[in-house]
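Chemist: curious how this folds, go ahead:
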Amino acid sequence: MSIKSVLYILGKVVFLLGLLMLIPLAIALFMKEDTVVAYASVAAASLAVGAIGFCRKRKKLTIRAREGLAIAGLVWIVVSFISALPFFISREIPSLLDAMFETVSGYTTTGSTILTDIEALSYSSHFWRCFTHWIGGMGVLVLALALLPGNDTQSMHIMRAEVPGPTVGKLVSRIRVTARLLYVIYVALTALEVVFLLIGGMPLFDSIVTSFATAGTGGFAIKNASIAAYNSAYIDIVITVFMLVFSVNFTLYYLVLLGQFKTAVKSEELRWFAGIVIVATALITINISPLYNGIFEALRYSSFQVASIISTTGFITANYDLWPTFSQTVLVLLMFIGACAGSTGGGIKVYRLVVICKTAFATVRRQLFPRSVAPLKHEGKILDDEVRNGITGYMFAYITIAAISTLLISLDNVVFSEAFSAMAACLNNIGPGLGKIGATGNFADLSGLSKAVLIFDMLAGRLELFPILAILYPTAWKKG
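Modeler: From the prediction side, this is the model:
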């Protein structure tokens, strides 16, 4: 492990974070809020500390797979801690652990909250809280690769450690150009949502921060009642569409820009994702229709909640804790499925589940016809052993973390559905769970241990487990 290379990249990211924190500082100054000192002091410290590492550039960086994993894990922990300080210093969130929970939830695009009165926050903190969603959606390190100068040759290991999905591809030959293209698409789609929300009568500030939360599939709202506070069918539809848009692999949008629309829509993962959304929406609509005034009103709420859960956004327009058990069960299943690989969404990912299903059927086929030779394919390509082994290892680690986390949370003496859904909501970066931590609740009453466990789950879930596990692996830090 090249510690100096890891610290150099960490310094660059901390410096960038200081620059980004000037935005909420400007809002605090403009609105004459008491948070000015908090944002100014943390921004200044981040710029100063980051500049020390940023300016002392090494002649040659050593960034291999293990450095890439370590960088991803450490950057997200350090950035989350620094970003929590303005909340804590301003006393808008008096507990440092709670402030850390909130910012980790922001960057990992989870959307779980410990705030009991969201609307009491200042404008600057509302912005910063939702902006962490937008940064974390595409990735802190992807943003650094896109904006900061550096050597392109070893950036693939960094991007591979952070971008969601079992495989990472380049849109073009250079990683930094790929990162910039991803952000151009990301910014354009975010701006488009802002425009549509403004057309629907949502205030400008609300439109911007809501679009940040949608784009990052995060779910932080600035109203206590979440999106339900606007009570607008038009706004519900716009956000439903964009939650699904940001759940799709961004590579497909690049193909569309190149004029390869037919290639994009032929994506096997996209077809599976669309099928799951349609089936889940239809089932829930039928199941909850007696609770609403007609099938169309039921469709409005079911489609929004299905899009919110499978995209792992976590916005709320209805109290689904009051829905029938069947509908709640479907939503819990969607929590685990998650969005497409290469999107801003969380969860296990449709890609992995499709490969797991194909592997299971292939195993049965080999048992029936031992002499048959049928290579396993996905998206028209033969899946190599590295991808399949990676998915197997991921699922083993996922199940282990899920089981241990649920056990530890259960020490709070919460009911099983709440302990399990808290784990699922955080490990899959969803946001709300069931019961007291459900649609109308929050995580404030959980113990410090449970919150620490869920912070770990949120980071592990967003970084696909291995970067967080890697920094806990002692031999990874040996020199060489």
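Chemist: in whichever strand or helix holds Lys451, which residues are buried?
Modeler: According to DSSP states H and E, Lys451 maps onto helix 448-462. Residues Ser450, Lys451, Val453, Leu454, Ile455, Phe456, Asp457, Met458, Leu459, Ala460, Gly461, Arg462 are the ones in helix 448-462 that count as buried (16 or more other C-beta atoms under 10 Å). C-beta here means a position set from N, CA and C on the backbone, and glycine is covered the same way.
Chemist: nearest to Ala298 among the residues you listed?
Modeler: When those are compared for distance to Ala298 (C-beta to C-beta), Gly461 wins out at 30.7 Å.
Chemist: what about the closest residue to that closest one other than its chain neighbours, distance to Asn413?
Modeler: Nearest residue to Gly461, sequence neighbours excluded (C-beta to C-beta, 6 or more residues apart in numbering): Leu427, at 4.4 Å. According to C-beta to C-beta, to the nearest Å, Leu427 stands 21 Å off from Asn413.
Chemist: same check on Ile235?
Modeler: Noted for Ile235: a distance of 39 Å to Asn413, by C-beta to C-beta.
Chemist: quick one, which of the two is more surrounded?
Modeler: Counted by other C-beta atoms under 10 Å, Ile235 and Asn413 do not tie: Ile235 has more neighbours, with 23 against 7.
Chemist: ranges for the helices of the stretch 151-300 of the chain?
Modeler: In the stretch 151-300 of the chain, the helices defined using DSSP state H, counting those that start in this stretch lie at 155-162, 175-199, 204-215, 233-245, 250-257, 261-265, 268-288, 295-310.
Chemist: and the angle from the third one to helix 295-310?
Modeler: Spelled out, it's helix 204-215. Following axes from the mean of the first three to the mean of the last three C-alpha atoms, to 10 degrees, one obtains 70 degrees for the angle between helix 204-215 and helix 295-310.
Chemist: so what secondary structure elements neighbour helix 204-215?
Modeler: helix 123-138, helix 175-199, helix 233-245 (3 or more C-beta pairs under 8 Å, 6 or more residues apart in numbering; DSSP states H and E).
Chemist: and the shortest one, what does it pack onto?
Modeler: This points to helix 233-245. helix 175-199, helix 204-215, helix 295-310.
Chemist: if we can go back for a sec, mean neighbour count, the helices and strands packed on helix 204-215: which tops it?
Modeler: Most buried of those, by mean neighbour count (mean count of other C-beta atoms under 10 Å): helix 123-138, with a mean of 25.
Chemist: pLDDT of it, averaged?
Modeler: Mean per-residue pLDDT for helix 123-138: 93.
Chemist: got the angle for that helix vs helix 448-462?
Modeler: 50 degrees.
Chemist: and helix 123-138, what does it pack against?
Modeler: Using 3+ C-beta pairs under 8 Å, 6+ apart, helix 123-138 sits against helix 22-31, helix 65-89, helix 96-107, helix 175-199, helix 204-215.
Chemist: just the terminal-to-terminal distance for stretch 281-300.
Modeler: Terminal residues of stretch 281-300 are spaced 10 Å apart (C-alpha to C-alpha, to the nearest Å).
Chemist: which parts of that stretch are buried?
Modeler: Thr281, Leu283, Ile284, Thr285, Asn287, Ile288, Ser289, Tyr292, Ala298, Leu299, Arg300.
Chemist: turn the helices and strands packed on helix 233-245 into CSV, including mean pLDDT and distance to Tyr394.
Modeler: Formatted as CSV, these follow (pLDDT from 0 to 100; distance: least, C-beta to C-beta, whole Å):
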stretch, mean pLDDT, distance to Tyr394
helix 175-199, 89, 23
helix 204-215, 96, 26
helix 295-310, 95, 19
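Chemist: now distance to Ile437 too, for these, in CSV please.
Modeler: Formatted as CSV, the helices and strands packed on helix 233-245 follow (distance: least, C-beta to C-beta, whole Å):
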stretch, distance to Ile437
helix 175-199, 27
helix 204-215, 18
helix 295-310, 14
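Chemist: about what we covered before: and the helices and strands packed on helix 204-215: which comes nearest Leu446?
Modeler: helix 123-138 (19.3 Å).
Chemist: and that closest one with helix 22-31, angle?
Modeler: Going by the same axes, to 10 degrees, helix 123-138 makes 160 degrees with helix 22-31.
Chemist: so what's the gap between helix 123-138 and the chain middle?
Modeler: 12 Å (C-alpha atoms, centre = their mean, to the nearest Å).
Chemist: and it with helix 250-257, angle?
Modeler: Using the same axes, to 10 degrees, helix 123-138 lies at 80 degrees relative to helix 250-257.
Chemist: below-threshold pLDDT in the protein: ranges please.
Modeler: 1-2, 53-66, 141, 143-175, 373-374, 378-379, 473-480 (pLDDT under 70).
Chemist: next, the most centrally placed residue in it: phi, psi?
Modeler: In the chain, the centroid-proximal residue (C-alpha atoms, centre = their mean) is Thr109; its distance is 3.6 Å. The phi and psi values for Thr109, taken as degrees, to the nearest 10, are phi 60, psi 40.
Chemist: does Arg462 touch Gly346 like I think?
Modeler: Yes - if you go by C-beta atoms under 8 Å, Arg462 and Gly346 touch, sitting 6.4 Å apart.
Chemist: so is the closest residue to Leu283 other than its chain neighbours in a helix, a strand, or just coil?
Modeler: Nearest residue to Leu283, sequence neighbours excluded (C-beta to C-beta, 6+ apart): Val330, at 5.9 Å. What DSSP: H, G, I helix; E, B strand; the rest coil gives for Val330 is helix.
Chemist: quick one on the thing from earlier: how close does the residue nearest to Gly461 sit to Thr240?
Modeler: Distance from Leu427 to Thr240, by C-beta to C-beta: 24 Å.
Chemist: helix or strand for the residue in the chain sticking out farthest from the centre, which one?
Modeler: The C-alpha centroid of the chain is most remote from Arg371, which lies 43.6 Å away (C-alpha atoms, centre = their mean). Under the criterion DSSP H and E, no helix or strand holds Arg371.
Chemist: what does it show for phi and psi?
Modeler: The phi/psi pair for Arg371 (degrees, to the nearest 10) is phi -90, psi -10.
Chemist: which residues touch it?
Modeler: For Arg371, the contact set (C-beta atoms under 8 Å, 6 or more residues apart in numbering) is empty.
Chemist: and what of Phe81?
Modeler: With C-beta under 8 Å, 6+ apart, Phe81 has these contacts: Met100, Thr103.
Chemist: how about 7 Å then?
Modeler: Met100 (C-beta atoms under 7 Å, 6 or more residues apart in numbering).
Chemist: still on that earlier bit, the helix holding Lys451 packs against which elements?
Modeler: If contacts are counted by 3 or more C-beta pairs under 7 Å, 6 or more residues apart in numbering; DSSP states H and E, helix 448-462 sits against helix 96-107, helix 385-409, helix 416-427.
Chemist: between helix 416-427 and the second one, find me the angle.
Modeler: Right, helix 385-409. 140 degrees.
Chemist: tell me what helix 385-409 is packed against?
Modeler: Where contact means 3+ C-beta pairs under 7 Å, 6+ apart, helix 385-409 is packed against helix 350-368, helix 416-427, helix 448-462.
Chemist: from the chain's centre, how far out does the shortest one sit?
Modeler: Computed by C-alpha atoms, centre = their mean, the chain-centroid distance of helix 416-427 equals 17 Å.
Chemist: ok, residues contacting it?
Modeler: By C-beta under 7 Å, 6+ apart, helix 416-427 touches 110, 112, 332, 335-336, 401-402, 405-406, 409-410, 430-437, 454, 457-458, 460-461.
Chemist: many thanks, have a good one.
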